[in-house]
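Peer 1: Give me the fold of what follows.
(one chain, ligands or ions: 1)
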Amino acid sequence: MSAAGPSSATGRVGVGIIGAGVISTQYLTNLTTFADVEVLFIADLDTERARERAEEFGVPGHGTVAELLATAEVEVVVNLTIPSVHVEVGEQIVAAGKHVWSEKPLALDRDGGRALLQAADRAGVRVACAPDTMLGASFQTALRTVRSGRIGDVLNALVLLQSPGPESWHPSPEFLFDGGAGPLFDIGPYYLTALVHLLGPVARVTGYATRFGRATLAEDVVSASFELESGALGTGLWSYGTRESRDEVRILGTEGSLRFSTFGEEPLVLTTAEGERAIEAPYPATVQLPLIQTVVDELTGRGTCPSTGESAVRTARVVDTLLAEHRERHGLTFS
Ligand SMILES: NC(=O)c1ccc[n+]([C@@H]2O[C@H](COP(=O)([O-])OP(=O)(O)OC[C@H]3O[C@@H](n4cnc5c(N)ncnc54)[C@H](O)[C@@H]3O)[C@@H](O)[C@H]2O)c1
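Peer 2: Sure, this is the predicted structure:
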């Protein structure tokens, strides 16, 4: 997290949520079953939506952002608003002296993310950021497998995300077509965070972004080539607009290779000299629990959270680099 600030002394962390949209259901389902946190307040620009969510999940408080931030027992605020206001809302949370737990992306670009982390440092509060998948079963199993040495030294990483686009899963996807919000911006953080956690920092990245027929400035397709500090080379392709969906990561090593998905529940596939072997890694009953646990541990001084504001800013740097030319071509500026 961004600052070595105070941690909760209560043991049970008081949580507020800003943004009562689609993803709030998953957060509320998970957070309200976790004994170490207590969801106390839910706020939204649309206060009626906040009220409905609060009643659905038995959250005692609901209303405006100002009312949430004035609730003393709320120590950490989960920011589930749309990406274009993540920094603005994050800065309001920080100004109220509360810790920020942000949905991805932390900011529209690296400068926005840095500004938020600096504000948090000055206020002595901390910043955690999604994605929770880096602590999910599939990715953690991949991490253990690679670290066990079963595929030898890692030479390459391949990432492939293809999808018809957010219209296929979101009831009101307009915000996902805002200037910066194509597949790299929206889905890329899951893969980039995971790869860095698995294989180490990105040293260099280059690539192309383009868009096809949509009435939006967001990129539809991004292809990337990167070199990790370890010396391993990687390739990524993130594409919206294809008929099928595919979500695949491959890690290629001197002794074998590993294939897994970021969002699916199918087994990982390990290929070595002994042949191909499936490794089961089903979702836990409460999928966000590992991330919730580490965020709470950090706030209560019992441990550390690996998915931080700093890791999110590193991800933003890679996204900025890959989208720089596309953004310049279309006059997209954020900070
Ligand atoms: N929907 C998904 O499947 C999904 C999955 C993972 C992550 N996310 C991320 O979660 C975030 C929210 O996504 P969503 O799908 O729930 O969006 P959504 O549009 O369904 O909901 C966003 C909510 O935020 C509220 N809001 C916007 N600006 C606000 C402000 N300034 N103050 C208070 N409330 C404000 C809106 O009124 C709306 O209710 C995004 O960053 C998205 O990338 C979404």
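Peer 1: For the ligand, give me its nearest residue in the stretch 1-150 of the chain.
Peer 2: residue 21 (1.7 Å; Cβ to the nearest ligand atom). (C-beta placed from N, C-alpha, C; glycine too.)
Peer 1: Hmm, residue 52 and that residue touching each other?
Peer 2: No - using Cβ atoms under 8 Å, residue 21 is not in contact with residue 52, being 11.4 Å away.
Peer 1: Quickly note the distance from the residue of the stretch 1-150 of the chain closest to the ligand to residue 278.
Peer 2: 36 Å (Cβ to Cβ, to the nearest Å).
Peer 1: Same question for residue 57.
Peer 2: Distance, residue 57 to residue 278, using Cβ to Cβ: 37 Å.
Peer 1: Next: residue 28.
Peer 2: To residue 278, residue 28 is 34 Å away according to Cβ to Cβ.
Peer 1: helix/strand/coil for the residue lying closest to residue 137 once chain neighbours are set aside?
Peer 2: In this structure, residue 137 finds its nearest non-sequential neighbour in residue 281, 4.1 Å apart by Cβ to Cβ, 6 or more residues apart in numbering. Three-state assignment for residue 281 (DSSP: H, G, I helix; E, B strand; the rest coil): coil.
Peer 1: Pretty sure residue 281 sits against residue 138.
Peer 2: Yes - between residue 281 and residue 138 a contact is recorded at 4.8 Å, counting by Cβ under 8 Å.
Peer 1: So for these two, which residues contact both of them?
Peer 2: Common neighbours of residue 281 and residue 138 (criterion: Cβ atoms under 8 Å, 6 or more residues apart in numbering): 260, 265, 268.
Peer 1: Pull the number of nearby residues for the last one.
Peer 2: Okay, so that is residue 268. When neighbours are counted by other Cβ atoms under 10 Å, residue 268 registers 21.
Peer 1: ditto for the first one
Peer 2: Using other Cβ under 10 Å, residue 260 has 23 neighbouring residues.
Peer 1: Tell me the bridge partners for it.
Peer 2: Following DSSP bridges, residue 260 is listed with bridge partners residue 249.
Peer 1: how close does it get to residue 270?
Peer 2: Taking Cβ to Cβ, one finds residue 260 at 9 Å from residue 270.
Peer 1: ok so, going back, higher neighbour count, residue 57 and residue 278?
Peer 2: residue 57 (17 against 10).
Peer 1: And the strands in the protein?
Peer 2: Ranges of strands in the chain, per DSSP state E, are 13-18, 37-43, 61-63, 76-79, 99-102, 127-129, 154-163, 202-210, 221-228, 233-240, 246-253, 256-260, 268-272, 275-279.
Peer 1: could you dump those to CSV with mean pLDDT and distance to the ligand?
Peer 2: Listed next are those as CSV, based on pLDDT from 0 to 100; distance: least, Cβ to the nearest ligand atom, whole Å:
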stretch, mean pLDDT, distance to the ligand
strand 13-18, 96, 5
strand 37-43, 96, 6
strand 61-63, 98, 11
strand 76-79, 96, 8
strand 99-102, 94, 8
strand 127-129, 92, 10
strand 154-163, 96, 12
strand 202-210, 94, 18
strand 221-228, 96, 16
strand 233-240, 95, 14
strand 246-253, 97, 14
strand 256-260, 98, 19
strand 268-272, 98, 22
strand 275-279, 98, 25
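Peer 1: could those strands go into TSV alongside distance to residue 120?
Peer 2: Formatted as TSV, the strands of the chain follow (distance: least, Cβ to Cβ, whole Å):
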stretch	distance to residue 120
strand 13-18	16
strand 37-43	20
strand 61-63	24
strand 76-79	12
strand 99-102	7
strand 127-129	5
strand 154-163	30
strand 202-210	24
strand 221-228	28
strand 233-240	29
strand 246-253	31
strand 256-260	33
strand 268-272	36
strand 275-279	38
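Peer 1: Out of the ones you listed, which gets nearest to residue 314?
Peer 2: Closest to residue 314 of the strands of the chain is strand 202-210 (Cβ to Cβ; 7.7 Å).
Peer 1: Please identify the buried residues of the closest one?
Peer 2: Neighbour counts over strand 202-210 (16 or more other Cβ atoms under 10 Å) mark 202, 205, 207, 209 as buried.
Peer 1: what do you get for stretch 263-283?
Peer 2: Judged by neighbour count (16+ other Cβ under 10 Å), stretch 263-283 contains these buried residues: 267, 268, 270, 271, 281.
Peer 1: What is the neighbour count of residue 329?
Peer 2: 12.
Peer 1: Much appreciated, bye for now.
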